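In: Model the structure of this input:
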Amino acid sequence: MATLTLGKALNEGLRKSLEDDSKVIIMGEDVGRLGGVFRVTDGLQKDFGEDRVIDTPLAESGIIGTAVGLAIRGFRPVCEIQFDGFVFPAFDQIVSQVAKMHYRSAGHVKLPITIRIPYGGGIGAVEHHSESPESYFCHTPGLKVVTCSNPVDAYWMIQQTVANDDPVVFFEPKRRYWDKADVDTVTASRELWDAAVVRSGTDATVITYGPSVKTCLEAAAAAETEGRSLEVVDLRALSPIDWPTVIDSVTKTQHAIVVCEAPTYASLSSEIAARVSEKCFFSLEAPVFRVTGFSTPYPTSRIEEDYLPDLDRILDAVDRSLAY
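Out: As a prediction, this is how the structure comes out:
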């Protein structure tokens, strides 16, 4: 058992993957000598060499294109996109090549590529540094998408992702990089695609993921002081989603609130709300409410706290749901 920040847990998980498989390669902008802008890859180039932890040019399309070739030749590339808003130059490679190669080859070619993307707001950053682009990738057949919310999941999920034979987009909640927890480095708590009920409750289900999990747990603690019992479900995997866990929870509580930082319109929250409404129609006592970022470009850092879901907005949605 070790006490680790989320960022350090990712570092230790990547280190274990490099030790376990000589075909694992880490590549990205400043991931080597600098150790990444968030220091997630700190010390890895020193210990494993420049052939396995590779500093690339500032060219996201080139990073992913190179990873495709490496994966076809049997390597397991782990690509870092330095910030969420920088992924779009690589979007063509990811959607047109990475997502389709296995299908195009009738299953003969595997692309075990991990694409790490720090995402979300809350760090006072400038434009292009606080996006939530997960819906684009969840919408793309052929890609799997996951996100961690705490150091324990960070340590194990990154290893499970790197070992997976499918291309996986791994979203890291950047404002949670410094959160600490005790991490069992011996036994994984669950499989990569399993959702987690991180707080049990009876009155309403709050469905969330990534950076919003901590906020929802704080909201559930606040609701408890008012006599309301909220169940919080951390999705962990965004594509595929562990629907049985979600549906079982909503069937029990009969109320559902979806919380995430991404804009509301045509987002992953839309799919979750639609699927829950479809599968739990006869159990629901109220519509499925959503608490999300707004359908605007991400604001300047001075007002980002007004943009991000907070306790007041979550508890207001709970009040409206339970008032039906």
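
In: Which stretches in the stretch 51-200 of the chain count as strands?
Out: Chain-ordered strands for the stretch 51-200 of the chain, with DSSP state E, counting those that start in this stretch as the definition, fall at 53-55, 76-80, 114-119, 144-147, 168-173, 180-183, 196-199.

In: whoops, I mixed them up, the stretch 201-324 of the chain
Out: For the stretch 201-324 of the chain, the strands defined by DSSP E, counting those that start in this stretch occupy 204-208, 230-234, 237-239, 256-263, 289-293.

In: With respect to V53, which of those lies nearest?
Out: Proximity to V53 (C-beta to C-beta) singles out strand 237-239 among the strands of the stretch 201-324 of the chain, at 26.8 Å. Glycine gets a C-beta too; all of them are placed from N, C-alpha and C.

In: Tell me which residues are up against that closest one.
Out: 134, 137-138, 143-147, 171, 192-195, 209, 268 (C-beta atoms under 8 Å, 6 or more residues apart in numbering).

In: what's the answer for stretch 117-128, then?
Out: Looking at what lies outside stretch 117-128 - C-beta under 8 Å, 6+ apart - the contacts are 38, 81-87, 129-134, 147, 169-175, 177, 210-211, 261, 293, 297-298, 301, 304-305, 307-308.

In: where do the helices sit along the protein?
Out: Assigned by DSSP state H, the helices in the chain fall at 6-20, 44-48, 60-72, 91-92, 101-104, 134-138, 151-163, 212-224, 243-253, 268-279, 304-307, 311-322.

In: out of these, nearest to T114?
Out: Distance to T114, taken as C-beta to C-beta, is lowest for helix 151-163 among these, at 5.1 Å.

In: For the closest one, name the packing helices and strands.
Out: Where contact means 3 or more C-beta pairs under 8 Å, 6 or more residues apart in numbering; DSSP states H and E, helix 151-163 is packed against strand 2-5, helix 6-20, strand 76-80, strand 114-119, strand 168-173, strand 180-183.

In: 7 Å instead, please
Out: Helices and strands touching helix 151-163, as assessed by 3 or more C-beta pairs under 7 Å, 6 or more residues apart in numbering; DSSP states H and E, comprise strand 2-5, helix 6-20, strand 168-173, strand 180-183.
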